[in-house]
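1. Sharing a model that was predicted from the sequence below.
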Protein chains: 2
Amino acid sequence: MDEDAVFRALADGSRRRLLDRLHARNGQTLGELCEGLEMTRQAVTKHLGILEEANLVSTRRQGREKLHYINPVPINEIADRWISKFERHALEALSDLKKSLEGSKDE
Amino acid sequence: MDEDAVFRALADGSRRRLLDRLHARNGQTLGELCEGLEMTRQAVTKHLGILEEANLVSTRRQGREKLHYINPVPINEIADRWISKFERHALEALSDLKKSLEGSKDE
DNA sequence: TAAATATGGAACCATTTGGTTGCCTATTGC
DNA sequence: GCAATAGGCAACCAAATGGTTCCATATTTA
């Protein structure tokens, strides 16, 4: 997995909203994903391309339509490998911070 | 929490590495965080500023030094509120994808 | 087959981003 | 007090980003 591609793909709110839409209903066409968005179709195409490059979305051509499917694997990998690393010591880090802030009061 | 600020802060590899460094040893000064990086101090300052705006890093001035502390709360919120939404239905979505891919073989 | 529909490609544009350099301020140690 | 150290500020720059418009291609459908 290209961690950097995934993080950068997730950095944009429009792309996260597209993932939300696919999460709500998987297998939508480009046209369906464009509905109600204040963006041209081409802008959406670009966003979907970035999501596809990051492997967050898979596609399948059906006739003249292109169906889009969310791929949760990279998100799970981010959660497992990267975020859990920080979660694991979350309380510890918080308590470190508290201690150091308390310490600063005495100075 | 400003979800967008957090995602955008995490989008850059240099910033994720800075978080890694703070995760390894909390409370480092700007100078320490610069050591061994192929970047000017000012570039690191900017990155830390972005992490601070996203509330991923807290700072504390001690004399002429500035100590940096990782704040795991926003990362946990991302994990809890956003990522878990996708994890929850991860297998389901995967099986949807499989089914649709299998379906396409017959066409 | 011709029109309508669904998508793709590429050029172009403004803004953001990640980085630099140069200089300034504040603290500390001799 | 003065030099060294730690950090801050601002201007500037190239490249990436998010968006547009215009046009082309492929598939349906009347």
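-> Cool, the structure landed.

2. For the residue nearest the centre of chain A, which residues are in contact?
-> In chain A, the centroid-proximal residue (C-alpha atoms, centre = their mean) is A:Leu10; its distance is 3.5 Å. Counting by C-beta atoms under 8 Å, 6 or more residues apart in numbering or on different chains, A:Leu10 touches A:Arg16, A:Ala54, A:Leu56, B:Phe7, B:Leu10, B:Ala11. Glycine gets a C-beta too; all of them are placed from N, C-alpha and C.

3. Contacting DNA strand C as well, which ones from those?
-> B:Ala11 (C-beta under 7 Å from any atom of the strand).

4. Run through chain A and note the low-pLDDT ranges.
-> Low-confidence segments of chain A (pLDDT under 70): A:88-107.

5. Where does it get nearest to DNA strand D, residue-wise?
-> Residue nearest to DNA strand D within chain A (C-beta to the nearest atom of the strand): A:Gly63, separated by 1.7 Å.

6. how close does that residue sit to chain B?
-> Shown here: A:Gly63 relative to chain B, a distance of 9 Å by C-beta to the nearest C-beta, to the nearest Å.

7. What of A:Arg25?
-> 10 Å.

8. Nearest residue to A:His23 in space, please, no chain neighbours.
-> Take A:His23 and drop its neighbours on the chain: the residue closest to it by C-beta to C-beta, 6 or more residues apart in numbering or on different chains is A:Ile70, 5.8 Å away.

9. Now for the one you found, how many residues are close by?
-> Using other C-beta atoms under 10 Å in any protein chain shown, A:Ile70 has 28 other residues around it.

10. Next: A:Pro72.
-> 23.

11. just checking, it touches B:Ser84?
-> No. With contact defined as C-beta atoms under 8 Å, A:Pro72 does not reach B:Ser84; the gap is 11.1 Å.

12. Which helix or which strand is home to A:Leu22?
-> Using DSSP states H and E, A:Leu22 maps to helix A:13-24.
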